[in-house]
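Peer 1: I'd like to go over a predicted model; first the sequence, then the structure.
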Amino acid sequence: MVAAEDIYAPYKTMVKKFMSMRLSIITINYNNASGLRKTLASVAAQTYRNIEHVIIDAASTDGSVDVIKEYASASIHPVIWSSEKDKGIYNGMNKGIRKATGDYCQFLNSGDTLAAPEVTERMMAAMEDGIDVLYGDMLKIGVKQYVDRNRCDEVTLNMFYRG
């Protein structure tokens, strides 16, 4: 007869690995304090706890920096942030990638929100060895109706290129 703890050993190893994977959520902001508040609340509500939040602000003048400071001081997640002029959203994204220390990066820009508190937990649980990109894209239509925009079974580099 096999001891009960031996039966669960592979599961325990998988859970330990899953919980040790750090997710870097990268948020880019410029003069969108109200949208930024929604984004930050969405990240704060996530049930997956091994998150660092990288916030790149492009020298906003609308109070966004105060929103970031308030969030950083209250967050249970590590928050890495900067506020300085940059050369646009893609420059900001690249800054975020350079500052990120996680095993995976997720872009969640100012004004965007995660649909539910368990989104990042479900996403990280779905990761398997060898997965480099996990793609999700959803549009909110009305109050409770969501539609997948680009549903596909496999992500290829061609999906990101429109010539």
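Peer 2: Noted; the coordinates are in hand. Please read these numbers as outputs of a predicted model, since none were measured by experiment. Numbering: from 1, shown residues only.
Peer 1: Do a quick rundown of the helices in this structure.
Peer 2: All helices of the chain, identified by DSSP state H, fall at 4-7, 9-20, 33-44, 64-74, 89-99, 119-126.
Peer 1: And these: which comes nearest Ile55?
Peer 2: Each of the helices of the chain has some distance to Ile55 by C-beta to C-beta; the shortest is helix 64-74, at 5.5 Å. Bear in mind the C-beta positions are built from the backbone N, C-alpha and C, glycine included.
Peer 1: Give me the number of neighbouring residues for Gly35.
Peer 2: Neighbour count of Gly35, defined by other C-beta atoms under 10 Å: 17.
Peer 1: Check Asp66 too.
Peer 2: Residues lying near Asp66 (other C-beta under 10 Å) number 11.
Peer 1: Val119 now?
Peer 2: Neighbours around Val119, by other C-beta under 10 Å: 20.
Peer 1: Now do the same for it: its pLDDT.
Peer 2: Predicted confidence (pLDDT) for Val119: 90.
Peer 1: Next one: Arg122 from Tyr30, what distance?
Peer 2: 30 Å (C-beta to C-beta, to the nearest Å).
Peer 1: Tell me which of those two has more neighbours.
Peer 2: Shown here are Arg122 and Tyr30; by other C-beta under 10 Å, Tyr30 has more neighbours (21 against 11).
Peer 1: Tell me which residues touch the more buried one, please.
Peer 2: The neighbours of Tyr30, taking C-beta atoms under 8 Å, 6 or more residues apart in numbering as the test, are Asp57, Ala58, Ala59, Ser60, Ser64, Ile89, Gly92, Ser110.
Peer 1: Please check these and keep the buried ones.
Peer 2: Asp57, Ala58, Ser60, Ser64, Ile89, Gly92, Ser110 (16 or more other C-beta atoms under 10 Å).
Peer 1: what's the burial count for Asn113?
Peer 2: In this structure residue 113 is Thr, not Asn. If you count neighbours by other C-beta under 10 Å, Thr113 ends up with 16.
Peer 1: Am I right that it is in contact with Thr39?
Peer 2: Yes - with contacts counted by C-beta atoms under 8 Å, Thr113 reaches Thr39, the gap being 6.1 Å.
Peer 1: re earlier: now render the helices of the chain as a markdown table, adding distance to Ser83.
Peer 2: Converted to a markdown table, those look like this (distance: least, C-beta to C-beta, whole Å):
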| stretch | distance to Ser83 |
| --- | --- |
| helix 4-7 | 50 |
| helix 9-20 | 31 |
| helix 33-44 | 12 |
| helix 64-74 | 5 |
| helix 89-99 | 11 |
| helix 119-126 | 25 |
